[in-house]
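**Q** A predicted structure for the sequence below; I have some questions about it.
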Amino acid sequence: MMSVKVMRRWSTVGAMSLLVGCGPEMVEEQAESVAPATIEQDIVGGTTTTINENPWQVSLRYGGHWCGGSILNKDWILTAAHCVDGYAVSSIVAGSTSSSNTSTGQTRNVAQTIIHEDYGASGNDVALLRLATSLDLNGTTVAAIPRVSAADAASGATDPAVVARVTGWGATSSGGSGSATLRTVDVNVISNTEAQQSYPNEYIGPDQIGAKAPGKDSCQGDSGGPLTVVHNGTRKLAGVVSWGYGCADARYPGMYARVSYFESWIDSKLSGTTPPPGTTLLAQTNLSGSSSTWKHFAITVPSGTTSLKVTQSGGSGDADLYVRSGSQPTTSAYNCRPYLSGNEETCNFSNPQAGTWYVSVRGYSSYSGVSVTATIP
């Protein structure tokens with residue numbers, strides 16, 4: 001059986017789970033390396049714990065428990081990008097030891113999802129969730145966890161051999177269901193050099209951190225959850241559960257997004273102001289033009305924008321709406337072009353990239369009296 005790269009959330013593709021017994025959807029076949037056919041999967045080799053011992057742990061909900069996450073402050077959760085890329089995680093639960101009986105916890109809806117702009121096969125597996133309603137940080141079952149900073153890392157917080165703790169509700173047997181009770185295990189941080197030697201067919205960049213211990217690991221259902229270390233007497237968030245080949249295989253360490261690497265990115269997102277609903281970015285009226293001529297309008301989409309709506313309407317003739325991020329659109333390069341008859345056209349974007357966007361009108365034929373608006377609905 002070939003080794004496969006496993007993103008450690010629950011899979012929506014049942015057949016994929018047969019490949020390694022850890023079941024996630026994103027896989028990459030590795031021709032050079034052979035993995036065992038039977039692999040344990042859970043917080044492997046660990047023990048049960050309580051939310052009081054790990055009050056920063058949350059459960060992301062996608063039907064039921066989907067992934068883990070960590071509380072950064074009353075309004076923000078840090079998780080793995082692959083947990084939310086293409087998946088509408090609508091809520092989180094904090095303050096509950098159980099992933100199934102969540103009545104004692106705090107349930108909050110997710111208002112905004114920010115996936116790292118450079119997330120992809122090569123890494124940057126982090127995402128932020130902004131909550132619609134602030135958490136009640138009671139300090140016992142719901143608490144924020146400080147992050148390992150770049151300065152902490154430079155002073156040895158995540159050096160090789162440092163003991164780190166992983167928590168989550170991952171599956172408790174190969175191909176089995178998840179643990180209803182939060183579990184924990186201690187693993188040892190390894191160098192990126194060692195991690196790269198273990199994964200010669202993968203790129204281990206500075207945004208990643210590896211950890212392992214004999215018979216112990218995180219796995220399916222634990223994705224997005226915390227890897228924590230104690231530094232100067234304080235437990236801090238060092239990593240985000242990301243991927244590995246199988247689970248608890250002695251040859252392959254668990255891989256995590258390195259939190260200190262994303263210090264500036266996280267700070268910039270948390271400090272950004274979210275534009276209020278109803279904000280108007282563009283309002284142009286009584287536009288007119290001839291066939292094949294362009295009118296271009298630049299708008300600035302603020303950081304934290306969750307949706308963008310661009311509408312063309314009214315007038316006579318036939319104008320086409322084009323919208324593009326970063327540069328002026330052309331007839332062959334655009335993010336949205338409805339290309340309908342008449343002038344009633346709309347483009348909608350979810351979590352648009354912050355920065356300059358271009359809203360453009362091109363005459364399919366001559367037109368007049370057309371209005372164009374761009375709003376944050």
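**A** Structure received. Residues are numbered from 1 along each chain as shown.
**Q** and the contacts of the helix or strand hosting Asp267?
**A** Under the criterion of DSSP states H and E, Asp267 resides in helix 263-271. Helix 263-271 is contacted by residues 72-73, 76, 78, 114, 116, 126, 128, 147, 149-150, 259, 303-304 when judged by CB atoms under 8 Å, 6 or more residues apart in numbering. Using the backbone N, CA and C atoms, a C-beta is placed for each residue, glycine as well.
**Q** from those residues, which single one is nearest Ala238?
**A** Minimum distance to Ala238 across those is 5.7 Å, recorded for Val259 (CB to CB).
**Q** how close does that closest one sit to Ala144?
**A** Distance of Val259 to Ala144, given as CB to CB, to the nearest Å: 13 Å.
**Q** mind checking how far the helix holding Asp267 is from the chain centre?
**A** Put simply, helix 263-271 sits 14 Å off its chain's centre (CA atoms, centre = their mean, to the nearest Å).
**Q** ok, stretch 338-351 next?
**A** 28 Å.
**Q** quick one, what contacts the most centrally placed residue in the chain?
**A** Taking CA atoms, centre = their mean, the centroid of the chain lies closest to Ala81, which sits 2.3 Å from it. In this structure, Ala81 makes contact with 115-116, 119, 124-127, judged by CB under 8 Å, 6+ apart.
**Q** check Trp56 too.
**A** Shown in contact with Trp56 (CB under 8 Å, 6+ apart): 70-71, 143-145, 226, 237.
**Q** how about Thr141?
**A** By CB under 8 Å, 6+ apart, the residues touching Thr141 are 51-52, 55, 94-96, 105.
**Q** how near is Ser90 to Tyr62?
**A** Using CB to CB, Ser90 is found at 8 Å from Tyr62.
**Q** surely Ser260 forms part of a strand?
**A** No: counting by DSSP: H, G, I helix; E, B strand; the rest coil, Ser260 is not part of a strand but helix.
**Q** returning to that earlier point: mind checking which of the contacts of helix 263-271 are buried?
**A** Among these, those classed as buried by 16 or more other CB atoms under 10 Å are 72, 76, 78, 114, 116, 126, 128, 147, 149, 259, 304.
**Q** mind listing what's buried along the helix holding Asp267?
**A** Residues 263, 265-266, 269-270 are the ones in helix 263-271 that count as buried (16+ other CB under 10 Å).
**Q** any chance of CSV for those residues, columns distance to Val166 and pLDDT?
**A** Compiled in CSV, these are given as follows (distance: CB to CB, whole Å; pLDDT from 0 to 100):
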residue, distance to Val166, pLDDT
Glu263, 21, 93
Trp265, 23, 90
Ile266, 20, 92
Lys269, 24, 88
Leu270, 24, 89
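**Q** which one of the residues you listed is nearest Arg183?
**A** Ile266 (26.3 Å).
**Q** which other helices and strands contact the lengthiest strand in the chain?
**A** Across the chain, the longest stretch assigned as strand under DSSP state E is strand 355-376. Contact here means 3 or more CB pairs under 8 Å, 6 or more residues apart in numbering; DSSP states H and E; on that basis strand 355-376 packs against strand 279-289, strand 294-301, strand 307-313, strand 316-325.
**Q** can you list the strands that the first one pairs with?
**A** What that stands for is strand 279-289. In the sheet, strand 279-289 lines up against strand 355-376 (antiparallel) (DSSP bridges).
**Q** and Cys83, what element?
**A** Using DSSP H and E, Cys83 falls in helix 81-84.
**Q** rewinding a little: can I get the helices and strands packed on strand 355-376 in CSV with distance to Gly210, mean pLDDT and mean neighbour count?
**A** Listed next are the helices and strands packed on strand 355-376 as CSV, based on distance: least, CB to CB, whole Å; pLDDT from 0 to 100; neighbours: other CB atoms under 10 Å:
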stretch, distance to Gly210, mean pLDDT, mean neighbour count
strand 279-289, 43, 92, 15
strand 294-301, 36, 90, 15
strand 307-313, 37, 96, 20
strand 316-325, 35, 97, 21
